[in-house]
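Chemist: sequence and predicted model, in that order:
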Amino acid sequence: MSIRRRRAAARQEVAGDLRQSVRELCRRFPESYWSDLDSERAYPEEFVKAMTEARYLAALIPEKYGGLGLSLTKASIILEEVNRSGGNAQPAHAQMYVMGALLRHGSEEQKGELLPRIASGQLRLQAFGVTEPVAGTDTTALTTTALPRDGGYVVNGRKIFISRVQHSDLLLLLARTTPIEQVHKKTDGLTMFLVELRQAISHGLTVKPIPVMINNETNELIFDNLEIPASSLVGEEGKGFSYVLDGMNAERILIASECIGDGRWFVEKAVGRAGQREVFGRPIGKNQGIQFPIARAHVGVEAAELMRTRASELFDRGEPCGSQANMALLLAAEASWQAANAAMQTYGGYSFASSYQIERKFRETRLFQVAPISTNLILAHIGEHVLGLPRSY
Ligand SMILES: Cc1cc2nc3c(=O)[nH]c(=O)nc-3n(C[C@H](O)[C@H](O)[C@H](O)COP(=O)(O)OP(=O)(O)OC[C@H]3O[C@@H](n4cnc5c(N)ncnc54)[C@H](O)[C@@H]3O)c2cc1C
C-alpha cells in the first residue's frame, strides 16, 4: 500500500472507532507472541512495525509532518488498548512522547527533516537519556557534560537504565553544558541534544545491556569524548530541564493509560477465572475473599480512568494539568498493581505458570511504581504543589 493510501486509511480508522481498530491490530499479536518474546528477551519488531504502519506511533505528530495529529485523549486510548490486549506498549511508547521535545523546541529545519521520517518509521526516536547512576531521581545533579569544541560538542559521562537504545536511531539526551557551580538555579545549564545513535556507537558511545526482570531493552550508556555536531542541539542551550518538564504531563498521562489497560486486563482475567474454576464444588468467585479484591481493583481502575481522562482533556485544551497528570499516574499505577495482585490470588498456583501470562504482566506492571517516575516523587509533588506543604527534598 502506498504511503498516501496508508495515511488515508489510518485517518479513516481514527474517524471511525479508534479503540476497535487498535483492538483489531492487537489481535494479530496474541498473548503467546508476548510471552515468547518475554522468555527470549527479544524486541517485538513485528508489533512495532504494525504500529508504525498504522501510524499509531505517530499519533501525536501533526498531519503536516505526516502524523495522525490526534489529541492526547485519543493517543491514550491506543496505549491503553495495547496493554489491555495482554501486550506491552513499553517497547514502542516512547516514540509517541519523546518526539514532543522536538516538536515543541526543535528548529523548523530539524522538524521538517526529522518528523516526517519518524512518522513514516524510517527513523526511530525511541530512546530518552536522563537517568544517571549517581544523580538518580535528582535530575538537576546529573554530571554528564556536553562541552563546546570545534563548532560542536563533546559528551562525557554515564547514563543508566536507558531503554530501547539498540532499537532506536536517535537518542534524546540531557547533559550539562554549564557547570552547576556557575548557574543561578541548579535547573539551569542543562541542555537537550538529539544524538544519532548509529554514528555514536563505537565512536565515543558504549552501550552495555542491563538484564532486568521484564522484557525491556535496558542499557547503561558510557560517553567517552563523543563528538556531536552543533546541529544536535534542541532548542536553546541551558533550557533542557524545562523542556523535560514540558513533556512530563503527556508522558504521565500516556503511561497512566498503559496502567489502565493492564488493570482492565487483570480484572477481566480474574473475573473469568473466578467464575470458571471450581473448588469445594463451587466457583471460587462465590467466595468474598476472591470476589471483593477483584471488585475493589475494578473500582480503582475506573477511578484512575476518570482522572486520566480529566488530565488528558485539560492537556488537549492547553490548560494546566500537571497535578491531574501526576494524580492520574499515581492512581493508575496503584490500580494496575492492585488488580495484578487480585489476579495472582485468584489464579492461585497457576498464576506462577508462565503459560497463564499473569506472572509476566505482574512483572511488567510493577515497573510503573518506579519508572518513568517513582510514586514517592508524585506524592512529593502533590504535597508541595497542591497542598502547599514544605518541600521534602
Ligand atoms: C526498566 C527501566 C527502564 C527505564 N528507562 C529509562 C529511560 O529510558 N530513560 C531514563 O532516563 N530513565 C529510565 N529509567 C530510570 C527510571 O526513570 C529511574 O529508575 C527512576 O526515575 C528512579 O531513579 P533511580 O532508580 O535512580 O532511584 P533513586 O533516585 O536511587 O531512588 C530510589 C528510591 O528512593 C526514592 N526517593 C529518592 N529521593 C526521594 C525523596 N526526596 N522523597 C521520597 N522518596 C525519594 C525514589 O522515589 C525511589 O523509590 C528506567 C528504569 C527502569 C527500571
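Modeler: Alright, I've got the coordinates. Numbering: from 1, shown residues only.
Chemist: use CA for all of it now, contacts and neighbours both
Modeler: OK.
Chemist: correct me if wrong, but Val155 is in a strand.
Modeler: Yes: according to DSSP: H, G, I helix; E, B strand; the rest coil, Val155 belongs to a strand.
Chemist: and it, how many neighbours does it have?
Modeler: Val155: 22 surrounding residues under other CA atoms under 10 Å.
Chemist: over to Ile294?
Modeler: Neighbour tally, Ile294, other CA under 10 Å: 28.
Chemist: same check on Ala200?
Modeler: Neighbourhood size, Ala200 [other CA under 10 Å]: 17.
Chemist: pretty sure it is touching Leu226, no?
Modeler: Yes: between Ala200 and Leu226 a contact is recorded at 6.8 Å, counting by CA atoms under 8 Å.
Chemist: any idea how far stretch 40-54 is from the chain center?
Modeler: Offset of stretch 40-54 from its chain centre (CA atoms, centre = their mean, to the nearest Å): 15 Å.
Chemist: need the contact list for Ile78.
Modeler: Ile78 makes contact with Leu18, Arg19, Val22, Tyr56, according to CA atoms under 8 Å, 6 or more residues apart in numbering.
Chemist: so it is in which element?
Modeler: Per DSSP states H and E, Ile78 falls inside helix 72-84.
Chemist: what's the following helix or strand after that helix?
Modeler: helix 90-105.
Chemist: state the mean pLDDT of that next one.
Modeler: Averaging pLDDT along helix 90-105 yields 90.
Chemist: which of the contacts of Ile78 fall within strands?
Modeler: Per DSSP state E, strands hold no members of these.
Chemist: which of those lies at the shortest distance from the ligand?
Modeler: Closest to the ligand out of the contacts of Ile78 is Tyr56 (19.9 Å), distances taken as CA to the nearest ligand atom.
Chemist: quick one: the residue nearest to the closest one when sequence neighbours are not counted and the ligand, what's the gap?
Modeler: What sits nearest to Tyr56 in space, not counting adjacent residues and going by CA to CA, 6 or more residues apart in numbering, is Ile78, at 7.1 Å. According to CA to the nearest ligand atom, to the nearest Å, Ile78 stands 20 Å off from the ligand.
Chemist: from now on call the first residue 30
Modeler: Taking 30 as the first residue, the last one we looked at is Ile107.
Chemist: related to what we said a few turns ago, would CSV of the contacts of Ile107 with pLDDT be doable?
Modeler: Shown next, in CSV, are the contacts of Ile107 (pLDDT from 0 to 100):
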residue, pLDDT
Leu47, 96
Arg48, 96
Val51, 97
Tyr85, 97
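Chemist: farthest pair in the residues you listed?
Modeler: Spatial extent of the contacts of Ile107 (CA to CA) is set by the pair Arg48 and Tyr85 at 11.5 Å.
Chemist: specify which residue of these two has the higher count of neighbours.
Modeler: Tyr85 (26 against 17).
Chemist: ok, the more buried one - contacts?
Modeler: By CA under 8 Å, 6+ apart, Tyr85 lies in contact with Leu97, Ala104, Ile107.
Chemist: okay if I get the residues you listed as CSV plus distance to Asp217?
Modeler: Shown next, in CSV, are the contacts of Tyr85 (distance: CA to CA, whole Å):
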residue, distance to Asp217
Leu97, 34
Ala104, 32
Ile107, 35
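Chemist: can you lay out the residues you listed as a markdown table showing pLDDT?
Modeler: Listed next are the contacts of Tyr85 as a markdown table, based on pLDDT from 0 to 100:
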| residue | pLDDT |
| --- | --- |
| Leu97 | 96 |
| Ala104 | 97 |
| Ile107 | 97 |
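Chemist: quick one on the thing from earlier: what's the angle from the helix holding Ile107 to helix 119-134?
Modeler: Counting by axes from the mean of the first three to the mean of the last three CA atoms, to 10 degrees, helix 101-113 points 170 degrees away from the direction of helix 119-134.
Chemist: Glu256 falls within a helix, correct?
Modeler: No: counting by three-state DSSP, Glu256 is located in no helix; its state is strand.
Chemist: list the helices and strands the top helix by length along the chain packs on?
Modeler: When the chain is parsed with DSSP state H, its longest helix is helix 269-305. Helix 269-305 sits against helix 101-113, helix 119-134, strand 219-225, strand 311-312, helix 317-345, helix 351-376, helix 387-395, with contacts defined as 3 or more CA pairs under 8 Å, 6 or more residues apart in numbering; DSSP states H and E.
Chemist: how about 7 Å then?
Modeler: helix 101-113, helix 119-134, strand 219-225, strand 311-312, helix 317-345, helix 351-376 (3 or more CA pairs under 7 Å, 6 or more residues apart in numbering; DSSP states H and E).
Chemist: lowest average pLDDT across these?
Modeler: helix 119-134 (a mean of 90).
Chemist: buried residues in stretch 82-97, which are they?
Modeler: For stretch 82-97, burial by neighbour count (16 or more other CA atoms under 10 Å) applies to 82-92, 94-97.
Chemist: which one of these is nearest Arg420?
Modeler: Among those, and counting by CA to CA, the member closest to Arg420 is Leu89, at 33.8 Å.
Chemist: burial count for Asn405?
Modeler: By other CA under 10 Å, the residues close to Asn405 number 12.
Chemist: quick one: it from Gln398, how far?
Modeler: When distance is defined by CA to CA, to the nearest Å, Asn405 is 9 Å away from Gln398.
Chemist: near the ligand, which residues of the protein?
Modeler: 156-160, 165-166, 190-192, 245, 247, 399-403, 405-406, 421-422 (CA under 6 Å from any ligand atom).
Chemist: residue ranges with poor pLDDT in the chain?
Modeler: 30-45 (pLDDT under 70).
Chemist: how's the protein carved up into domains?
Modeler: As recorded under automatic domain parsing, the domains making up the chain are 32-149, 154-268, 271-415.
Chemist: please name whichever of the helices and strands packed on helix 269-305 is nearest to Gly150.
Modeler: With CA to CA, the closest approach to Gly150 among the helices and strands packed on helix 269-305 belongs to helix 119-134: 10.0 Å.
Chemist: after that closest one comes which helix or strand?
Modeler: According to DSSP H and E, the helix or strand after helix 119-134 is helix 137-149.
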